[in-house]
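**Q** Below is the structure, and that's it, no one-letter string:
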């Protein structure tokens, strides 16, 4: 047994932070070294995340404050830092950590877009645009080679993950048309983060269902289009519609695309298996459809493909746990790849069922 | 105050039957006269539907058995019969009731399709095809004129209602292309009926989300296409995908269609207001999106339209309560129209919120 | 048909206000005249309560601001005012309305306690203690006589209602000991009100269950003890434990009490039927247990009694909808009684099932 | 790294079986060797438990049939067998396995009661009463010593676990009276098993709450009383009330007992810490109350104690995950103890939060 590497978590008080703690605890090659979070600094973790109370090595950790000037000090006590800060707040801190020599897995959107102009249109000015070229988009199934040795991993969010996994193989194999792709995605409420708001107040989020930020207004759209364009070899524009679903965890994406002539569902399945590998992705056999319940708490993604023959529409479906696969778990998977470890190291495969 | 008409309910033990009882109790011009249901015959209603226990005039009613030979006898004690039997089981009974002179509101699919061949492809042989021509498709906003005086009303289910309300005005006004329409619809679990099954067992239906019967295999597809074709004036083929969502009541349908040149979202809203009227349909203003929570227990439908300008995709959205608007409530609304009453008579407008 | 009386609602933006609107709309003898709510003043109701959008006579009402100086003006345009303000904020406004000659149904706790010292221990100083004697505790089954002609009705909350309905008959008939009563009650999240907070943030309220304010620290305790003491004819002290349950509406209370010698479950049922009447209360027969699902959206209360013979413990159980029976609906029921109308006038009896 | 022992699972198609698979996969000293389940024999596990599809070493296992004659053969390929069969069906199979030399962890109730007469009153005749004396009640915190080297571990269910953990230390330290204990317990729906039924049909289990099998009629009552009596040193009779709560996993038990003179909440907390140890049990500090959400997917139990001073009632509370702690996880914990391993080996400590 080798000595585990030391992991730090910044932004520990949110749901991606909480999920990182759970996953790190089960990881055989990493151990939690320190945690930070500015709004909760100074408190024991058990106060910030009540479920950690009584868990030795976790609950009694004191949340530190963090600012870029501390990066060098963190570089001495950590081998890798996972950063779960909100979009915008993350960029400068991640830059400082990378410059201090740390490997950083950034769970925000701040290093996911290659084009700084696109970033600034959606998120505002970027403090370290020169690092965008170095950052690797952390969807392992698409970028395994580029991830090896990466020092700055920009782990994608749940919506892009669930859209890209089933669509990129189809575009790459020219099984669907690039024009007219519709993505109808449904997210559990934890995807909205941990800050209370009227729209996530229990009585108004439970027992209801609603779309939001429709018609191209959701800021995950450019990220999806960037990676689809890479797979297609040319620009791709999609119509993306997110929904809020009354459960805490889970995401289902159903993408609709026009089949190119002759495409079969079997070809779609085969393309996905060939291009994505079968590590943490499972392509369902004909007749099986993905259910978010079957990946709850698991880092796996379930993919399914069907062809609506009457309309020549390909359905490219994906179910994931938005936290275990979409954010924290995927960041860990990408880090595993960057180290050359088996990509599933320490990640839960079997869902917590039911 | 006029004497209320007498209503009978057949198939009272299911969810559409239960909802009919609730709505009839609040209806000022109808009173519940008798109830039947073969699998529960002989029991007091309070045993079959436990929430009716203690409600005078309801809970102590004894569920009768019914067979076509009793139609004449029911015609003497009822003015209208609501029939909530399963598809297939309904056709012969409805036929007998109509022939005995009763007005019948059939909540099954048995009289919704005009073309007997289409019916038989999806449901099996039809015992009374000659009545298909007389039956009126009971979506009042589309068929107000034909419903006046109708004796056989085929009330549509929840999926067709939620798809047709927002799409038919757009097709009618040539605001969208008829080709390539995608309908992504999400239903609460009560839509699956009252019989326990593995897929509706609580631990496997809660906290998860899944598509089912995708790629043209759901039997509401022909019904949707029939009415879209009528609005369009020519055949329409859609790709329809239903999902099961973890709440009891509610349905959201988001349809994606290519805009015809020059179409705006404002035109879509205006077309819906003009063609559907604003009785039990509300078209949301720009920036508001439909939430099933806002129509829970209400007979209203919330519609919204947005244009994704980058892809020229129209989003035609609709939220309803699958029981209050999609089945039982809509049957009652159609019956109100058939009698010449205000179509909202006795129907709940304000949702049970939250 | 007589002309409906005019009802005003103050504090319309919360859940009790929303429920009042729903119930008033179905009430044949009342019509909504005006609405007020300070934090939302100036907005159309459809913005404050989105489910009212499109409902004629409701959604387009503008929320007014209110302060005591306006009481006289309200007295000219209303016959009754329902006040759904928070505890503490309600007292002075209610006093002004009563002094202006209006009948007021107060849904807060401000006039529920007869003893001003007790009030001040739990809620702070009271601006109008002289009105406490005039106020009638608005649990109709306990105070039908005193409610006739009442001008100030202090409608009880959900916890006291669910505890008092099954316990008061048993104490009144000496079927249980007054000492050692334990009340274990479970509430849906709407009972916590409409303001977002960490504990009602969807991901931390869904899929979990927790007690709160245990061991005598919940401020509904004195209200419960006041009414139990009245029924018993001497002081009663209870151990009351509330819980938060992951659904929006519903309350279940199970009280445990020592049987007096010879008590049977049948005697308990009979006592409840005799003392409460069977208007909006149903005592379940042996073998049936109350389910909150069976009263969702209904103003009825379901009671059940069982005797654990081995331990001589009486279980006194009650299920209600915390909004339709526990607050708004009960206020309306009490008002019906005060006017001499049938107490169920305009109230929903059948639950929205499922 | 030592070679893992080989574990078999019988009754794999239910929820306790599914949870065992998840836990075994993360256990460093055990590996899944074979699985059996009579109603699903012959099928690949991925058909029986769809979430296992694609998980190497699990999903492709074929479910075997099992009958006692095969025990000897299993003894050759397994070191330990976990048996998740229903009560009654388990006894003979477990007996055969034990006689064949295997260590068996039985998750049914068949070996939990020491007194065969009591067993037969609740469950019917017992095929191997002579093994009752050898079986060790598998609640590790109560029986760590007896568990060492045990060959037949009768792992308790969720209700007894949640009741016994907080109550036994109080009885053992004479902090509460043995008479008059009331246990009000609330269970997630997975506790009802995997067979669909009307009461677990989603629309009738979601969004509602109900007690069931009240007043001493639930068959976990004798098991609770047996272990309380052992702690107390004399007979104990409790009034136990189970409830069904609308979430899949989780159990909360609140027990009410009369304090003996002078008892403080601090003494209760101290007694629990001293008697139970702090391995997988956490006693919450004053002011913190247990939430089932905080142990979802975790093998830990959260305990809290409060004293209602006005009524001298002790509240002894416990939150667990009914599958991870109440059944499968606890069986594994007991097995860990029996082997002399750290009792938390392989068990998840941090909840899947949120």
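**A** Received it, and whenever you're ready, just let me know what you need. None of the values given here were measured: they were computed from a predicted structure.

**Q** Check the spacing between the residue nearest to residue A:175 when sequence neighbours are not counted and chain D real quick.
**A** Using Cβ to Cβ, 6 or more residues apart in numbering or on different chains and skipping residues adjacent in sequence, the residue nearest residue A:175 is residue A:263, 4.6 Å away. (Glycine included, C-beta is placed from N, CA and C.) Distance of residue A:263 to chain D, computed by Cβ to the nearest Cβ, to the nearest Å: 24 Å.

**Q** Repeat that for residue A:38.
**A** 21 Å.

**Q** What residues does that residue make contact with?
**A** Contacts for residue A:38 (Cβ atoms under 8 Å, 6 or more residues apart in numbering or on different chains) come out as A:65, A:66.

**Q** What parts of the stretch 101-250 of chain A come near chain C?
**A** Contact residues (Cβ under 8 Å from any Cβ of the partner chain) of the stretch 101-250 of chain A with chain C: A:188-190, A:194-198, A:200-203, A:205-207, A:246-248.

**Q** among the residues you listed, which are in strands?
**A** Taking DSSP state E, every one of those sits outside strands.

**Q** What about chain D: which of those residues touch it?
**A** A:190, A:207, A:248.

**Q** among these, who's most crowded?
**A** Greatest neighbour count in those, by other Cβ atoms under 10 Å in any protein chain shown, goes to residue A:190: 31 neighbours.

**Q** Quick check, it in contact with residue A:248.
**A** Yes. Taking Cβ atoms under 8 Å as the definition, residue A:190 is a contact partner of residue A:248 at 5.0 Å.

**Q** okay, and the common contacts of these two?
**A** C:203, D:354.

**Q** got a list of what the residue nearest to residue A:175 touches?
**A** Contact analysis of residue A:263 by Cβ under 8 Å, 6+ apart lists A:175, A:176, A:307, A:314.

**Q** what do you get for residue A:274?
**A** By Cβ under 8 Å, 6+ apart, residue A:274 lies in contact with residue A:169.

**Q** How about the one 3 residues further on?
**A** With contacts taken as Cβ under 8 Å, 6+ apart, residue A:277 has the following neighbours: A:141, A:144.

**Q** Next one: it from residue A:333, what distance?
**A** According to Cβ to Cβ, to the nearest Å, residue A:277 stands 12 Å off from residue A:333.

**Q** In terms of helices and strands, where is the closest residue to chain D within the stretch 151-300 of chain A?
**A** Going by Cβ to the nearest Cβ, chain D is nearest to residue A:282 of the stretch 151-300 of chain A, at 2.9 Å. Using DSSP states H and E, residue A:282 falls within strand A:281-283.

**Q** same question, residue A:18
**A** Using DSSP H and E, residue A:18 sits in helix A:15-26.

**Q** is any part of that helix close to chain B?
**A** No. In terms of Cβ under 8 Å from any Cβ, no part of helix A:15-26 sits within range of chain B; the closest distance is 15.9 Å.

**Q** didn't residue A:176 look like it was pressed against residue A:259?
**A** Yes. Counting by Cβ under 8 Å, residue A:259 is a contact partner of residue A:176 at 6.1 Å.

**Q** For those two, indicate the residue with more neighbours.
**A** Using other Cβ under 10 Å, the more surrounded residue of residue A:176 and residue A:259 is residue A:176, with 25 against 21.

**Q** is the nearest residue to the more buried one once chain neighbours are set aside in a bridge, and if so with what?
**A** Spatial nearest neighbour of residue A:176, chain neighbours left out: residue A:257 (3.8 Å); criterion: Cβ to Cβ, 6+ apart. Per DSSP bridges, the residues bridged to residue A:257 are residue A:314.

**Q** wait, what's in contact with residue A:257?
**A** A:167, A:170, A:176, A:177, A:180, A:181, A:182, A:313, A:314, A:316.

**Q** Among those residues, which are located in helices?
**A** A:167, A:170 (DSSP state H).

**Q** Name the member of the contacts of residue A:257 with the shortest distance to chain C.
**A** Chain C lies nearest to residue A:182 out of the contacts of residue A:257, by Cβ to the nearest Cβ, at 26.6 Å.

**Q** Just the local confidence number for that closest one, please.
**A** Note on residue A:182: pLDDT of 98.

**Q** same thing with residue A:326?
**A** pLDDT, residue A:326: 86.

**Q** Report the contact partners of it.
**A** Here residue A:326 is in contact with A:156, A:157, A:158, A:159, A:161, A:162, A:191, A:251, A:320 (Cβ under 8 Å, 6+ apart).

**Q** how distant is stretch A:286-298 from the center of its chain?
**A** Centre-to-centre, stretch A:286-298 and its host chain are 17 Å apart (Cα atoms, centre = their mean, to the nearest Å).

**Q** With stretch A:250-260 instead?
**A** Relative to the mean C-alpha coordinate of its chain, stretch A:250-260 is positioned 18 Å out (Cα atoms, centre = their mean).

**Q** As a check, name the ranges of all strands in chain A.
**A** Under DSSP E, chain A gives strands at A:5-10, A:30-36, A:80-83, A:103-106, A:136-137, A:152-154, A:181-187, A:210-211, A:238-244, A:251-258, A:281-283, A:301-308, A:313-320.

**Q** show me the contacts for residue A:103.
**A** So residue A:103 contacts A:79, A:80, A:81, A:150, A:151, A:152, A:153, A:335, A:338 (Cβ under 8 Å, 6+ apart).

**Q** And it, how far from chain D?
**A** From residue A:103 over to chain D the distance is 24 Å, taken as Cβ to the nearest Cβ.
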